[in-house]
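>>> got a structure for you, letters missing:
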């Protein structure tokens, strides 16, 4: 079933996109997504 989905797709482009996504997923020191969400919710008066 998975092979049928990929038939006709450009596997090189898929591989390139996968590598780019991995690069963007890197960790940033000193940044916490939980703290960022709390900060935005506080600013909007949601907490």
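Happy to help now that I have it. In this text, all values refer to a predicted model and were calculated from it rather than measured experimentally. Numbers count the residues shown, from 1 in each chain.
>>> what is whichever strand or helix holds residue 20 packed up against?
Element membership of residue 20, judged by DSSP states H and E, is helix 11-24. Where contact means 3 or more CB pairs under 8 Å, 6 or more residues apart in numbering; DSSP states H and E, helix 11-24 is not packed against any helix or strand. All C-beta spots, glycine's among them, are computed from the backbone N, C-alpha and C.
>>> now it: average pLDDT?
The pLDDT scores in helix 11-24 average 90.
>>> ok, now stretch 30-41?
For stretch 30-41, the mean pLDDT works out to 92.
>>> chain center to that stretch: distance?
Here stretch 30-41 is found 17 Å from its chain centre; the criterion is CA atoms, centre = their mean, to the nearest Å.
>>> thinking again about what came up before, show me how far the helix or strand following the helix holding residue 20 is from its chain's centre.
Going down the chain from helix 11-24, the next helix or strand is helix 33-43, by DSSP H and E. Helix 33-43 sits 19 Å away from the centroid of its parent chain (CA atoms, centre = their mean).
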